[in-house]
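Participant: give the three-dimensional model of this entry:
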Amino acid sequence: MTTRPTKTLLAALLLALALPAAHAQNPADAPPAPPAVAPAPADTPPAPPAAVEATPPALPPLATAPPSSPAPGTPPPSAEKKRSRFRIGPEVGLYLPTSSKARSEFGSSWLSLGLGLGDIGRVTPKGQTSFDLQILYQSRDGNHAFLAPVGVAYRTGISQSGANTTYVGATADVYFADLRSGTYNVHSGIRTSGGVSVLIGENFGDSGFLEARYLFVPKIQSFDLSGLNLTAGYRF
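Facilitator: Numbering: from 1, shown residues only. Sure, this is the predicted structure:
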């Protein structure tokens with residue numbers, strides 16, 4: 001026969017077992033469900049990604065091009081500026097006749113004058129043709145000699161050093177002469193004759209030159225006026 005304390009103990013055990021089951025079946029005691037996330041509408045475009053500011057790559061420093069040098073044979077700008085204007089200059093020298101008769105009557109050295117027009121120009125091995133004009137004059141003791149070669153000169157370069165050019169050449173001229181000599185009773189008036197000359201010289205850029213020329217002049221009124229002409233010229 002079961003005692004009263006035993007019944008009380010059994011009832012307590014049953015109550016302890018029944019309480020957890022009842023607590024699990026009570027919806028009020030269940031933990032709250034997480035809130036449902038509403039799906040995004042199908043036609044809603046996706047949000048654009050956040051713009052990322054891109055840093056442009058550093059450019060290498062620009063190389064400074066060296067100043068271009070003029071092509072060989074090209075004149076400098078200063079030379080081009082000179083050639084853009086008209087240039088003129090004197091040609092001055094001494095004429096040394098080789099005939100003793102001419103030296104004795106008119107003097108051993110005569111004044112040589114010339115007028116240069118335009119640039120002197122660089123003489124190349126291909127050659128250069130130019131106008132030729134000189135005036136030779138000497139007066140002594142009432143006697144005078146005047147000689148003017150007018151013609152064409154041809155020069156060709158034989159060597160070059162920087163802007164300087166050594167050249168040789170020849171001329172073909174008509175000689176205009178006027179001689180007066182009291183000793184030989186000569187008063188020729190203007191006479192003309194043909195003649196030639198050979199020359200060698202040096203050009204200094206396009207502004208100056210030195211030249212030695214030997215003139216072969218036919219006799220005029222018994223005077224042989226052939227001789228050596230030393231000339232220096234400049235262009236402004």
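
Participant: pLDDT weak spots in this structure?
Facilitator: Counting by pLDDT under 70, the ranges of the chain that qualify are 1-84.

Participant: how about a cut-off of 50?
Facilitator: 1-2, 21-30, 37-38, 40, 52 (pLDDT under 50).

Participant: please enumerate the helices of it.
Facilitator: With DSSP state H as the criterion, the chain has helices at 4-25, 77-83, 100-106.

Participant: what's in contact with the last one?
Facilitator: Helix 100-106 is touched from outside by 97, 138-140, 143-145, 181, 183-184, 222-225, 227, with contacts defined as C-beta atoms under 8 Å, 6 or more residues apart in numbering. To be clear about C-beta, it is placed using only N, CA and C from the backbone, and glycine gets the same treatment.

Participant: and these, which of them are in strands?
Facilitator: Counting by DSSP state E, the contacts of helix 100-106 place 97, 138-140, 143-145, 181, 227 in strands.

Participant: circling back to that earlier point, among the contacts of helix 100-106, which one has the most neighbours?
Facilitator: Pro97 (28 neighbours; other C-beta atoms under 10 Å).

Participant: doesn't Leu225 make contact with that one?
Facilitator: Yes - applying C-beta atoms under 8 Å as the test, Pro97 and Leu225 come out as touching, 6.1 Å apart.

Participant: hmm, back to that, closest one of the contacts of helix 100-106 to Gly201?
Facilitator: Using C-beta to C-beta, Gly227 comes nearest to Gly201 of those, at 16.9 Å.

Participant: what sits against that closest one?
Facilitator: Taking C-beta under 8 Å, 6+ apart, one finds 95-99, 102, 214-215, 217 in contact with Gly227.

Participant: excluding its backbone neighbours, what's nearest it?
Facilitator: Pro97 (3.8 Å; C-beta to C-beta, 6 or more residues apart in numbering).

Participant: and Pro149, by the same measure?
Facilitator: Using C-beta to C-beta, 6+ apart, the closest residue to Pro149 is Asp173 (3.9 Å).

Participant: quick one: the one you found and Asn143, what's the gap?
Facilitator: For Asp173, the distance to Asn143 equals 24 Å [C-beta to C-beta, to the nearest Å].

Participant: what does Leu179 give?
Facilitator: Counting by C-beta to C-beta, the gap from Leu179 to Asn143 is 8 Å.

Participant: re earlier: any shared contact partners between Pro97 and Leu225?
Facilitator: Counting by C-beta under 8 Å, 6+ apart, nothing touches both Pro97 and Leu225.
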